[in-house]
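# Everything below, folded, please.
(one chain, ligands or ions: 1)
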Amino acid sequence: MAATTDIFKNDILKDKVLLCSGGGSGICRAMTEAVVRHGGKAVIISRSLERLEKAAKEMSEATGGVVIPIQADVRKPADVENAVAKTVEKFGKIDYLINGAAGNFLASFQNLSYNAFRTVIEIDLMGTWNLTKAASEYIKASKGSIINVSMTLHYTGTVYQQHAGAAKAGIDALTKHWAVELGPFGVRVNGIAPGPIENTVGMSKLSSTRGGYETIPLGRAGTVTEIAHSTVFLFSEAASYISGHMLVVDGAHWLTNHRP
Ligand code: HXC
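Numbers count the residues shown, from 1 in each chain. Next comes the predicted model:
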């Protein structure tokens, strides 16, 4: 990703420790890299250790910072407990959590099997809950901050997206519940809802700009760097009174009558 240091001071997240699910690729990788570029250290988790190791190495080389890969399936409580324990063993604390691990595909109600629906709910919604449950005491101890990665497709009844939409609606709800329940401990909980972001799995799988960008008021897809900027902002002191908010980063796309 492009350097983001032109916008924010280089050290605004200095010595903060991030744990990010889904950080081996796409949007969450860029979110992780942005935190490290601004002084943080990171642990990235996902199912594919090979992908994580490659991403961690590349991010470390690009930033000069520390990025550690840990294999974990967010559907498995033992895996996320292990990832949290290893993060604390390595860095002594956890300040920031990004819940980004997700699975998605287009499927009509008719073609969506029981197992397919459950799989997406388990990865996206249960995965978000599991990792936050495992990390919450550490986040409280550091008066840290959580960002849940959502989407906008459930704001309307987007076709072929009921599985992901139901999961992300649950994630939006958790964002509010946790903001209220963890706020008294000094923890801020927010979300980012990306729209069509170029060069991502979501964009290629869902192809939400079939035929061009005319359905996006800003006239183009977003970039992972733009999601990264929002991440740095929400974690930083600049957002110190923002909690329970879902920040939509979509060029006003969802406000139009779009289809995937
Ligand atoms: C219908 C499908 C399917 C498809 C899988 N399934 N792909 N059904 N259409 N295209 C069904 C399978 O047939 C199976 O059901 C069930 O889902 C579980 O599939 P598995 O492959 O066994 O599960 P798993 O290996 O856990 O894979 C999960 C996955 C996978 C979601 C299917 O694609 C994945 O993990 N992808 C990760 C990357 C990803 O998708 N990222 C996108 C994020 S984008 P049966 O009944 O046959 O057993 C995003 C928002 C984008 O989240 C917003 C953009 C604007």
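# how much space between residue 217 and the ligand?
Residue 217 is 15 Å from the ligand, where distance means CB to the nearest ligand atom, to the nearest Å. Quick note: C-beta positions are derived from backbone N, CA and C, even for glycine.
# how about the residues of the protein near the ligand?
With CB under 6 Å from any ligand atom as the criterion, the chain comes near the ligand at residues 102-105, 107, 111, 113, 115-116, 119-120, 151, 164, 195-196, 201-202, 205-206, 208.
# Would you mind confirming that residue 72 makes contact with residue 84?
No. Proximity of residue 72 to residue 84 does not meet the contact threshold set by CB atoms under 8 Å, at 9.2 Å.
# Comparing those two, which residue is more hemmed in?
residue 72 (29 against 25; other CB atoms under 10 Å).
# what's in contact with the strand or helix carrying residue 82?
Using DSSP states H and E, residue 82 sits within helix 77-91. With CB atoms under 8 Å, 6 or more residues apart in numbering as the test, helix 77-91 has contacts from 17, 19, 41, 43, 45, 68, 70-74, 94, 130-131, 133-135, 138.
# okay, now the nearest residue to residue 96 once chain neighbours are set aside: neighbour count?
Leaving aside its chain neighbours, residue 96 sits nearest to residue 18 (4.3 Å; criterion: CB to CB, 6 or more residues apart in numbering). Residues near residue 18, counting by other CB under 10 Å, number 29.
# Quick check: buried residues in stretch 83-95?
Using 16 or more other CB atoms under 10 Å as the burial criterion, the residues of stretch 83-95 that qualify are 83, 84, 86, 87, 88, 91, 94, 95.
# Looking at those residues, which is nearest the ligand?
residue 83 (17.5 Å; CB to the nearest ligand atom).
# Need the pLDDT of the residue of the stretch 51-200 of the chain found nearest the ligand.
Nearest residue of the stretch 51-200 of the chain to the ligand: residue 103, at 2.4 Å (CB to the nearest ligand atom). On the pLDDT scale, residue 103 is placed at 97.
# pretty sure it is touching residue 119, no?
Yes. Assessed by CB under 8 Å, residue 103 is found in contact with residue 119 at 6.6 Å.
# ok, the two, which is more surrounded?
Set residue 103 next to residue 119 and count neighbours by other CB under 10 Å: residue 103 wins out with 20 against 15.
# pLDDT (mean, whole number) over the helix holding residue 82?
The pLDDT scores in helix 77-91 average 98.
# do stretch 178-186 as well
98.
# How about the longest helix along the chain, which residues are buried there?
Assignment by DSSP state H gives helix 162-182 as the longest helix of the chain. By neighbour count on 16+ other CB under 10 Å, the buried set for helix 162-182 is 162-172, 174-175, 178-179, 182.
# Helix or strand for the residue lying farthest from the centre of the chain, just tell me which one.
Residue farthest from the centre of the chain, counting by CA atoms, centre = their mean, is residue 110 at 29.4 Å. Assigned by DSSP H and E, residue 110 belongs to neither a helix nor a strand.
# and it, what are its phi and psi?
Main-chain dihedrals, residue 110, degrees, to the nearest 10: phi -60, psi -40.
# tell me the pLDDT at it?
Looking at residue 110, the pLDDT reads 98.
# Same question for residue 203.
87.
# cool, and residue 206?
Confidence at residue 206, expressed as pLDDT, is 75.
# does it really touch residue 104, like I thought?
Yes. Counting by CB under 8 Å, residue 206 touches residue 104, with 7.0 Å between them.
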